[in-house]
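Chemist: A predicted structure for the sequence below; I have some questions about it.
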Amino acid sequence: MSKQPLLDISDILERIRPGERADDARTLIKHAYTVAEQAHAGQIRKSGEPYIQHPLAVALLLADMGMDPVTIAAGLLHDVVEDSDVDLKWLAQEFGPYVASLVDGVTKLEQIDKFSHKSEGLRNEQESESLRKMFIAMAEDIRVVIIKLADRMHNMRTLAPLSEERRKAFARETLEIFAPLANRLGVWQWKWELEDLSLHHLDPATYAEIAALITERRLEREASTQRHAEILMQELTKENIEAENSGRPKHIYSIQRKMRRKGVPFSQVYDIRGVRVTTHTIPDCYRILGIVHGLWKPIPGEFDDYIATPKDNMYQSLHTAVVGDDGKTLEGQ
Ligand code: MN
């Protein structure tokens, strides 16, 4: 994997949106950085970079997610209790109870994580689920789980210097615990990246193969998706339905899963185009579904109503699949 340029606290500060409290936010974050930098002084990551690069990267992920300044500050400080002689009491005096309790939460999750590592061997799905539940229950504040996910994201992005055995153990745990947590919290971008990074380490050959095929077929696929989306959007305008078309990229891990689950080759999974439309009201969702089924022939058994039965994370949508104008499957959400 390519070497990232070194981060600087200004990379985080420049992402703080201007506003009434922006100065307070910057002061808090700068202070957290100073403390973290001193606490980790002299510590080096396996990659050879100064340790502070890790909390900086975690804070940057949190800032990019639009998290609040307290969470970003806690992201900068998330490893100090574990890895230096700074303690919680001092953090609470220095930063107030909110930053301190987030750092405390992340440190506690770290301990469950370590404990669960000791009882190694493969976890079964039930054990993974209870671990995921424990993570959420332990974290009285969901922001603790978000920080932990950012921590895992950066660790997964920088696994290269570790032994193959450790990389695979990390990747397996990420697939079992952290990607499903990201999914549950609705942080799709992180879920996809965690899954793709895991596959990259668990099965590098398959990963490389799918990545190469995607590059080869991308243009053709995008043109076809675009054409179908335009036809649909024109129809919605005619019907006075306000809606937005948001593309839906396919990720390497989800392609691999589907190939395996259905026992089909790449082309059959990848040639499935997806159009995703978002709208303002539930009745409009069903009207759009009717229009889609009027334009193209629905494929029996492919309709799911996640409005009537929402998913765990409260995700609500209608899923369908139709035969597109070129005879290939088109999925609609
Ligand atoms: Mn960490």
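Modeler: Perfect, thanks for sending it. Residues are numbered from 1 along each chain as shown.
Chemist: hey, let's count contacts and neighbours off CA atoms from now on
Modeler: Fine.
Chemist: Quick check: next helix or strand after the helix or strand of the chain with the lowest mean pLDDT?
Modeler: When the helices and strands of the chain are scored by mean pLDDT, DSSP states H and E, helix 125-138 comes last with a mean of 76. Toward the C-terminus, helix 125-138 is succeeded by helix 142-157 as the next helix or strand (DSSP states H and E).
Chemist: Can you name every helix or strand that that next one contacts?
Modeler: Judged by 3 or more Cα pairs under 8 Å, 6 or more residues apart in numbering; DSSP states H and E, the packing partners of helix 142-157 are helix 53-64, helix 69-76, helix 97-118, helix 125-138, helix 188-202.
Chemist: Report the distance from the first one to the chain centre.
Modeler: To tie it back to what came earlier, the one meant is helix 53-64. Centre-to-centre, helix 53-64 and its host chain are 14 Å apart (Cα atoms, centre = their mean, to the nearest Å).
Chemist: got it, and the third one?
Modeler: Taking Cα atoms, centre = their mean, the mean C-alpha location of helix 97-118 is offset from the chain mean by 20 Å.
Chemist: List the buried residues for the least confident helix or strand of the chain?
Modeler: Within helix 125-138, the residues scored as buried using 16 or more other Cα atoms under 10 Å are Ser128, Glu129, Leu131, Arg132, Phe135, Ile136, Met138.
Chemist: quick one on the thing from earlier: hey, least reliable of the helices and strands packed on helix 142-157 by pLDDT?
Modeler: Lowest mean pLDDT within the helices and strands packed on helix 142-157: helix 125-138, a mean of 76.
Chemist: got the angle between that helix and helix 97-118?
Modeler: 160 degrees (axes from the mean of the first three to the mean of the last three Cα atoms, to 10 degrees).
Chemist: Which elements pack onto helix 125-138?
Modeler: By 3+ Cα pairs under 8 Å, 6+ apart, helix 125-138 packs against helix 97-118, helix 142-157.
Chemist: Restrict the first one to CA atoms and write it as PDB.
Modeler: Provided in PDB are the C-alpha atoms of helix 97-118 (Å, rounded to 0.1, in the frame of the first residue of the first chain):
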ATOM      1  CA  PRO A  97     -15.800  15.100  32.000                       C
ATOM      2  CA  TYR A  98     -17.000  14.600  28.400                       C
ATOM      3  CA  VAL A  99     -13.700  14.100  26.700                       C
ATOM      4  CA  ALA A 100     -12.500  12.000  29.600                       C
ATOM      5  CA  SER A 101     -15.500   9.700  29.600                       C
ATOM      6  CA  LEU A 102     -15.200   9.100  25.900                       C
ATOM      7  CA  VAL A 103     -11.500   8.200  26.300                       C
ATOM      8  CA  ASP A 104     -12.400   6.000  29.300                       C
ATOM      9  CA  GLY A 105     -15.100   4.200  27.100                       C
ATOM     10  CA  VAL A 106     -12.600   3.600  24.300                       C
ATOM     11  CA  THR A 107     -10.000   2.200  26.800                       C
ATOM     12  CA  LYS A 108     -12.600  -0.200  28.200                       C
ATOM     13  CA  LEU A 109     -13.500  -1.400  24.800                       C
ATOM     14  CA  GLU A 110      -9.800  -2.000  24.100                       C
ATOM     15  CA  GLN A 111      -9.800  -4.300  27.100                       C
ATOM     16  CA  ILE A 112     -12.800  -6.400  26.000                       C
ATOM     17  CA  ASP A 113     -11.100  -6.600  22.600                       C
ATOM     18  CA  LYS A 114      -7.800  -7.900  24.200                       C
ATOM     19  CA  PHE A 115      -9.600 -10.300  26.400                       C
ATOM     20  CA  SER A 116     -11.500 -11.700  23.500                       C
ATOM     21  CA  HIS A 117      -8.200 -12.100  21.600                       C
ATOM     22  CA  LYS A 118      -6.800 -14.400  24.300                       C
END
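Chemist: the strands in the stretch 201-333 of the chain, which residues?
Modeler: 243-246, 273-279, 297-298, 304-305, 318-323, 329-332 (DSSP state E, counting those that start in this stretch).
Chemist: Return the distance of the first one from the chain's centre.
Modeler: Spelled out, it's strand 243-246. With Cα atoms, centre = their mean, you get 22 Å for strand 243-246.
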